[in-house]
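>>> No letters, just coordinates:
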């Protein structure tokens, strides 16, 4: 079969994932949906198999057939998470295997692709039972370690990473910075879950080595896995996340949003994500305090799950909480500059992509896949992780130069439209399957 024939003919593709909208605890389920719909728009037959947390068992959305198999817990639509122990249990793997094997046989799937780590085991064995190729997409570092706190201070996972080190060093740090104030019983359960997830990741390493191909959403993330011995050499590939096929927000909606949140006549600096150590929340707050002294007309806006421990700036810093997915384009459109001060490695954050779609520059850090999303000095700026002073200096410069800021936003819009165009992403993925 020639490359052109492979690319042009219609393929029957089966995706598997533990979350798919309307159940979306993070950005990955939306990225998976955008990818599935991009394939469907180009004539491919795409089916997604996912647990049913309380939606229709079968439906077609955006040209994609969604099949949900019975699950023993219900979740509200939106950002809710299933229990970790549920997703690593033999019961879950068995149910996923049965559903994938049955649906794969029914639709005549030619390629099976696990889009999230917990879908790997059931998908692998179902694909092998039907003698079909099987792939996995890496979207974070959970297949190396469930918390990887070492990556907050190291570029790659240290060679002495082990379950003993997790228990002796990393778990305590994780509890102190991410679960402060939890009761003793709750902390004990978290430690137990961490051990279980580490063992699960170790076991899945054996499955990874038997895949037909491994896909990472960024070069940075793939390098972390390869250095940790969790890659497949020449069978490891990078396929970016496609941009969503959504129209730009209505300017009237943006104006209404700015009025509702008191942003009229002010400039807004936006942070999107959890207010956590790894996402760089404290770095953002420190930089905001420095910049606010020179720019009293600037408002610093945060949006994401949970509530931050530290919001000391009064009216100059506003935490909006989690917003609905369809409100995000309006949020980016209401901002003037977007910051992504991540300390830990972001696989491929949706923040710079969604900011660019709104014509806004992003200041990010040189970790993970972020440098692949921002052209330093052209579509935004890159600063060292954890350096609030460097972030403040760059932010101050953009706020003082409206012409430069607007030009960078337009550059960002053009850049992501080329690098993350759905056509380019689809072609890359078809090449991997070939």
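Looks like it came in fine. Just so it is clear, the structure is predicted and the values come from calculations on it, not from any experiment. Residues are numbered from 1 along each chain as shown.
>>> secondary structure class for residue 200?
helix (DSSP: H, G, I helix; E, B strand; the rest coil).
>>> I figured it hits residue 86, correct?
No - look at residue 200 against residue 86 with CB atoms under 8 Å: they stay out of range, at 11.8 Å. (C-beta placed from N, C-alpha, C; glycine too.)
>>> which one of those two has more residues nearby?
residue 200 (22 against 16; other CB atoms under 10 Å).
>>> Just give the nearest non-adjacent residue to the more buried one, would you?
residue 88 (4.2 Å; CB to CB, 6 or more residues apart in numbering).
>>> Tell me who's in contact with that neighbour.
118, 196-197, 200 (CB atoms under 8 Å, 6 or more residues apart in numbering).
>>> In helices only, show me those residues.
196-197, 200 (DSSP state H).
>>> where in this structure is pLDDT low?
1-8, 309-315 (pLDDT under 70).
>>> residue ranges for the strands of it, please.
Counting by DSSP state E, residue ranges of the strands within the chain are 12-16, 45-52, 58-61, 64-70, 111-114, 134-138, 213-216, 236-238, 267-272, 298-303, 317-319, 337-340, 362-365, 380-383.
>>> can you redo those strands as TSV with distance to residue 288 and mean neighbour count?
Below are the strands of the chain laid out as TSV (distance: least, CB to CB, whole Å; neighbours: other CB atoms under 10 Å):
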stretch	distance to residue 288	mean neighbour count
strand 12-16	40	25
strand 45-52	39	24
strand 58-61	39	12
strand 64-70	40	19
strand 111-114	40	26
strand 134-138	33	26
strand 213-216	33	22
strand 236-238	34	19
strand 267-272	7	23
strand 298-303	4	21
strand 317-319	6	18
strand 337-340	9	26
strand 362-365	12	28
strand 380-383	14	24
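>>> want to throw those into a markdown table with distance to residue 226?
As requested, the strands of the chain are exported to a markdown table (distance: least, CB to CB, whole Å):
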| stretch | distance to residue 226 |
| --- | --- |
| strand 12-16 | 24 |
| strand 45-52 | 28 |
| strand 58-61 | 35 |
| strand 64-70 | 31 |
| strand 111-114 | 19 |
| strand 134-138 | 10 |
| strand 213-216 | 9 |
| strand 236-238 | 7 |
| strand 267-272 | 29 |
| strand 298-303 | 34 |
| strand 317-319 | 38 |
| strand 337-340 | 24 |
| strand 362-365 | 21 |
| strand 380-383 | 22 |
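>>> Which of these sits closest to residue 402?
strand 267-272 (9.0 Å; CB to CB).
>>> ok, the closest one: who's next to it in the sheet?
Here strand 267-272 is paired, per DSSP bridges, with strand 298-303 (parallel), strand 337-340 (parallel).
>>> Out of those, which gets nearest to residue 259?
Taking these one by one with CB to CB, strand 298-303 is closest: 13.0 Å.
>>> one step back: look up how far residue 248 lies from the residue nearest to residue 200.
Taking CB to CB, to the nearest Å as the measure, residue 88 falls 40 Å from residue 248.
>>> returning to that earlier point: if you rank the contacts of residue 88 by neighbours, which is first?
Busiest of these [other CB under 10 Å] is residue 118, holding 26 neighbours.
>>> so what's that residue up against?
18, 87-88, 92.
>>> What count of nearby residues applies to the residue nearest to residue 244 when sequence neighbours are not counted?
Taking CB to CB, 6+ apart, and ignoring the residues beside it in sequence, residue 244 has residue 34 as its nearest neighbour in space, at 5.0 Å. Other residues lying near residue 34 total 21 when counted by other CB under 10 Å.
>>> what's the closest non-adjacent residue to residue 52?
Going by CB to CB, 6+ apart, residue 52 has residue 68 as its nearest residue, at 3.4 Å.
>>> Greatest separation within the contacts of residue 88: which pair is it?
Maximum distance among those (CB to CB): 12.3 Å, for 118 and 196.
>>> picking up where we left off before, please tell me I have it right and the residue nearest to residue 244 contacts residue 217.
No - Residue 34 lies out of contact with residue 217 (CB under 8 Å); the separation is 11.9 Å.
>>> The strands paired with strand 267-272: which one's closest to residue 127?
Using CB to CB, the strands paired with strand 267-272 put strand 337-340 closest to residue 127, at 35.8 Å.
>>> how far does that closest one sit from the chain's center?
16 Å (CA atoms, centre = their mean, to the nearest Å).
>>> returning to what we had before: turn the contacts of residue 118 into CSV, columns for distance to residue 176.
Shown next, in CSV, are these (distance: CB to CB, whole Å):
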residue, distance to residue 176
18, 28
87, 25
88, 25
92, 30
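>>> of all the strands paired with strand 267-272, which lies closest to residue 144?
Comparing those by CB to CB, strand 337-340 comes nearest, at 22.2 Å.
>>> What lies in contact with the closest one?
267-273, 280, 284, 287, 332, 346, 349, 351-352, 355, 360-365, 370, 391, 395, 398-399, 405.
>>> Please list all residues in contact with residue 132.
Counting by CB under 8 Å, 6+ apart, residue 132 has contacts 104, 109-112.
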